[in-house]
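Asker: Here is the input, now give the coordinates:
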Amino acid sequence: MPVTVVVGAQYGDEGKGRIVDFLAGDADMVIRFQGGDNAGHTVVNHHGEFRLHLVPSGIFHARATCLIGTGAVVNPAALLRELAELEAAGIDTSRLLLADRAQMLLPHHRVLDGMEEEGRGEHHIGTTSRGIGPAYRQKAARSGVRIGDLQHPQYLRERLKLQLPSVNRALAYFGAPPIELEPLLVQCRVWAEKLSARIVDPIPLLRQALQDGKHILLEGQLGAMKDLDWGTYPFVTSSNPTAGFAAVGAGLPPQKIGEVLGVAKAYQTAVGAGPFPAELNDQTGDRLRDIGREYGATTGRPRRTGWYDAVAVRHAAWLNGMTALAVTKLDVLDAFAEIKLCNAYRLPDGTRIDHVPDTPVLEEVEPVLESWPGWQQATTGARTWHELPSAARCFLERLQELAGVPIRYVSVGAEREAMFSV
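Answerer: The predicted structure is shown next:
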């Protein structure tokens with residue numbers, strides 16, 4: 001089958017961008033199918049180190065057409081900044097297209113997001129305040145504005161006239177000044193001049209690509225544990241970063257998806273509030289953070305760290321129908337004499353469970369940990385399975401066993417060449 005989906009198997013920040021960059025050399029089309037500029041994909045290749053927030057990670061390959069799909073929410077200002085950064089580094093961005101039906105994230109969405117998060121007080125979610133939630137909320141309320149509307153000024157005016165009253169009522173509640181229609185339309189005209197040539201109806205392109213047997217790569221954002229329906233609600237994102245939504249967000253028939261590649265770190269990290277079993281609030285967690293450079297690509301916030309959670313990955317494997325796993329950042333564990341992983345949860349009454357329960361229960365569980373000997377030697381030079389230390393191979397085999405999904409790729413460094421097939 002010509003369509004491969006790349007999804008996060010944990011809480012996000014697993015290394016999906018570097019996986020997509022690695023796979024995109026054989027792809028004809030790379031599509032970002034959901035999310036916005038609230039999370040970043042770090043990619044390191046011969047062009048340099050980049051943090052992509054909206055642009056698909058296939059942009060570095062001349063062969064691949066890149067599309068920001070209908071399931072995404074697009075902040076035009078953020079996108080233009082990102083394109084300028086790529087072009088300043090000598091990257092050709094002419095192959096980047098925008099789905100006309102993708103939702104447009106406007107400046108007032110960011111204002112609302114920040115105010116709403118502040119208003120939650122001690123019940124805060126940990127949002128990045130990039131406006132993602134308000135943009136998706138207006139999409140669901142059918143008062144949203146879409147990227148294609150930039151090409152239809154009068155229609156755009158009417159859509160904004162519909163949207164702004166509710167926005168301004170919310171702003172007034174927080175004591176913020178209202179958004180005026182005319183200045184916003186002026187800003188939209190500027191965006192239209194710069195982006196209109198990239199706006200397309202993706203269906204004809206996708207239909208032709210499938211008819212021609214082209215390879216299409218779908219790129220998700222965040223991970224299954226942040227899924228709006230199946231993650232640690234309400235500490236989740238406002239879209240579905242799982243394979244079931246990939247077809248919808250890209251504009252493809254679901255039966256065309258042939259491969260679902262889940263990406264997981266050899267440990268785990270998370271950003272924001274909410275339950276996080278196997279979290280390490282100690283020197284070991286600090287050490288993982290420092291060695292792994294675990295700071296948000298978008299916000300720079302220190303990430304929460306913990307041992308690998310096999311329960312969460314198995315949850316993600318089931319939800320996504322994963323056909324294979326890619327394990328990243330194995331090299332971060334090189335210095336540890338003892339490595340642990342969580343293979344189950346224990347409820348307060350002592351009951352052991354091997355699935356991810358709903359949030360109120362998940363907040364009360366304790367991780368059931370098993371210990372593995374560390375290899376305490378560098379893996380960064382390994383380019384084949386057999387070049388890994390035997391203890392590292394045993395650890396990976398255990399991860400594979402617990403996930404019920406074969407490991408297909410292993411990463412031992414940030415660079416493109418530091419990944420190999422198993």
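Asker: and residue 123, how many residues sit next to it?
Answerer: Using other C-beta atoms under 10 Å, residue 123 has 9 neighbouring residues. In short, each C-beta sits where N, CA and C put it, glycine included.
Asker: separation between it and residue 233?
Answerer: Look at residue 123 and residue 233: by C-beta to C-beta, to the nearest Å, they are 13 Å apart.
Asker: which residues do the two both contact?
Answerer: Overlap of the contact sets of residue 123 and residue 233 (by C-beta atoms under 8 Å, 6 or more residues apart in numbering) is empty.
Asker: Does anything pack onto the longest helix along the chain? Which helices or strands?
Answerer: For the chain, the helix with the greatest residue count under DSSP state H is helix 153-173. Applying 3 or more C-beta pairs under 8 Å, 6 or more residues apart in numbering; DSSP states H and E, one finds that helix 153-173 contacts helix 107-119, helix 181-195.
Asker: Let me see the confidence value for the most far-flung residue of the chain relative to its centre.
Answerer: Distance to the chain centre peaks in the chain at residue 349, reaching 35.1 Å (criterion: C-alpha atoms, centre = their mean). Here, the pLDDT recorded for residue 349 equals 97.
Asker: Tell me the gap between the helix or strand bottoming out on mean pLDDT in the chain and the middle of its chain.
Answerer: Within the chain, no helix or strand scores below strand 41-45, which has a mean of 81 by mean pLDDT, DSSP states H and E. On the basis of C-alpha atoms, centre = their mean, to the nearest Å, strand 41-45 sits 13 Å off its chain's mean C-alpha point.
Asker: how close does the residue lying closest to residue 8 once chain neighbours are set aside get to residue 240?
Answerer: Spatial nearest neighbour of residue 8, excluding adjacent residues (C-beta to C-beta, 6 or more residues apart in numbering): residue 223 at 2.8 Å. With the distance defined as C-beta to C-beta, residue 223 ends up 11 Å from residue 240.
Asker: more crowded one of these two?
Answerer: residue 223 (32 against 26).
Asker: check contacts around that one.
Answerer: 7-14, 241, 316.
Asker: Pick the most deeply packed of the helices and strands packed on helix 153-173.
Answerer: helix 107-119 (a mean of 19; mean count of other C-beta atoms under 10 Å).
Asker: sec struct for the one residue sitting closest to the centre of the chain, please.
Answerer: Nearest to the geometric centre of the chain sits residue 221, at 1.7 Å (C-alpha atoms, centre = their mean). Under DSSP: H, G, I helix; E, B strand; the rest coil, residue 221 falls in the strand class.
Asker: Likewise for residue 409?
Answerer: Here residue 409 is recorded as strand under three-state DSSP.
Asker: beta partners for it?
Answerer: residue 326, residue 421 (DSSP bridges).
Asker: got a list of what it touches?
Answerer: Neighbouring residues of residue 409 by C-beta under 8 Å, 6+ apart: 19, 22, 261, 324-327, 419-422.
Asker: now swap in residue 330 and tell me
Answerer: Contacts of residue 330 (C-beta under 8 Å, 6+ apart): 266, 379, 388, 392, 396, 410-412.
Asker: again, but for residue 145
Answerer: 103-104, 106, 138, 156, 159-160, 163.
Asker: in the protein, which ranges drop under the pLDDT threshold?
Answerer: 1, 126, 297-299 (pLDDT under 70).
Asker: hmm, back to that, what does the longest helix of the chain contact?
Answerer: With C-beta under 8 Å, 6+ apart as the test, helix 153-173 has contacts from 108, 111-112, 115, 138, 141, 143-145, 149-150, 177-179, 181, 184-185, 188-189, 192.
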